[in-house]
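# what follows is a protein structure lacking sequence information:
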């Protein structure tokens with residue numbers, strides 16, 4: 001009985017290690033300054049400082065134009081300001097950079113509805 005449980009535990013540990021290793025192999029690396037600016041933008045947004053948040057997201061994009069998260073976060077800012085055209089532009093860029101970005105696809109669909117764009 002103990003041997004069977006130990007084998008299962010070792011097997012689960014092996015699967016966990018394999019999963020983490022595979023995930024790291026496929027993880028996209030982005031410029032760390034861009035990631036830092038994006039994180040600052042999120043914090044500013046949480047504190048109710050939208051101007052600072054937008055500035056931080058724009059700096060993140062300047063540091064790494066291929067990093068999709070600041071585009072997504074900027075889109076949320078524009079969406080909240082009812083600037084749906086700018087929100088759509090940012091979301092289109094985010095999904096172009098990261099086609100498997102479900103949150104951005106969902107938000108883009110909602111934004112298109114606001115713009116009466118039924119594509």
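Perfect, I can see it now. Since the model is a prediction, treat every value here as computed from it, not as a measurement.
# where do the helices sit along the protein?
Counting by DSSP state H, one finds helices in the chain at the ranges 2-26, 32-46, 50-63, 68-80, 84-97, 102-114.
# quick one: those helices as CSV, columns for mean neighbour count and mean pLDDT too.
All C-beta atoms are positioned from the backbone trio N, CA, C, and that covers glycine. Shown next, in CSV, are those (neighbours: other C-beta atoms under 10 Å; pLDDT from 0 to 100):
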stretch, mean neighbour count, mean pLDDT
helix 2-26, 9, 58
helix 32-46, 17, 97
helix 50-63, 18, 97
helix 68-80, 22, 97
helix 84-97, 19, 98
helix 102-114, 16, 96
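# and residue 34, how far from residue 46?
19 Å (C-beta to C-beta, to the nearest Å).
# what do you get for residue 87?
Per C-beta to C-beta, residue 87 is found 19 Å from residue 46.
# residue closest to the middle of the protein?
In the chain, the centroid-proximal residue (C-alpha atoms, centre = their mean) is residue 69; its distance is 3.9 Å.
# in this structure that one contacts residue 38, no?
Yes: under the criterion of C-beta atoms under 8 Å, residue 69 makes contact with residue 38 at 5.2 Å.
# which residues do the two both contact?
Residues touching both residue 69 and residue 38 (C-beta atoms under 8 Å, 6 or more residues apart in numbering) are residue 60.
# contacts only, for the closest residue to residue 104 other than its chain neighbours.
Nearest residue to residue 104 in three dimensions, chain neighbours excluded: residue 94, at 4.4 Å (C-beta to C-beta, 6 or more residues apart in numbering). When contacts are counted by C-beta under 8 Å, 6+ apart, residue 94 touches 68, 69, 71, 72, 75, 101, 104.
# ok, the first one - contacts?
Shown here is residue 68, whose contacts under the criterion C-beta under 8 Å, 6+ apart are 93, 94, 95, 97, 98, 101, 104.
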